[in-house]
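>>> quick check, what structure comes out for this input:
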Amino acid sequence: YASSFDQIGIFAHTIEDAALVLEVIAGADAFDSTVSEQPVPAYSREIEAAGQRCLYKFAYFRESLEHPGLDPEIKAATEAYINRLAEAGHSVEPVDFELLEYVVPTYYVLTTAE
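Residues are numbered from 1 along each chain as shown. Sure thing, here's the model as predicted:
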């Protein structure tokens, strides 16, 4: 449909797991002409070198969590996870993204134009 819009994402239980996966999927790929040829840093070693678990800053789109179309079960699970992150000492803040309603229409305009 619009191959340049295809993106891979990592789902992981820990930052360390995400770092290991990123080391595997990043960089050159003989079967994908759209990837970077830049060397891939050893993300997992950088985390190990820190010597302790770092605290992170997270943000989420306030409008997406308050959207009336959001399934209540998904909202509750997301809020629970946000609370767990905050309780673990991470910074978790909502950010405003007033253009959220235009994301899907913009996607369809761009992908059909491509």
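>>> just the buried residues of stretch 25-41, please?
Ala26 (16 or more other CB atoms under 10 Å). To be clear about C-beta, it is placed using only N, CA and C from the backbone, and glycine gets the same treatment.
>>> all helices for the chain, in order.
All helices of the chain, identified by DSSP state H, fall at 15-25, 43-50, 62-66, 72-87, 103-113.
>>> may I see these arranged in a markdown table, with mean pLDDT as well?
Listed next are those as a markdown table, based on pLDDT from 0 to 100:
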| stretch | mean pLDDT |
| --- | --- |
| helix 15-25 | 89 |
| helix 43-50 | 76 |
| helix 62-66 | 91 |
| helix 72-87 | 96 |
| helix 103-113 | 87 |
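>>> next, the contact list for Arg62, please.
Residues in contact with Arg62 (CB atoms under 8 Å, 6 or more residues apart in numbering) are 94-97.
>>> rerun at 10 Å
93-98, 100 (CB atoms under 10 Å, 6 or more residues apart in numbering).
>>> re earlier: who wins for proximity to Glu37 among the helices of the chain?
Checking the helices of the chain against Glu37 by CB to CB gives helix 15-25 as the closest, at 14.5 Å.
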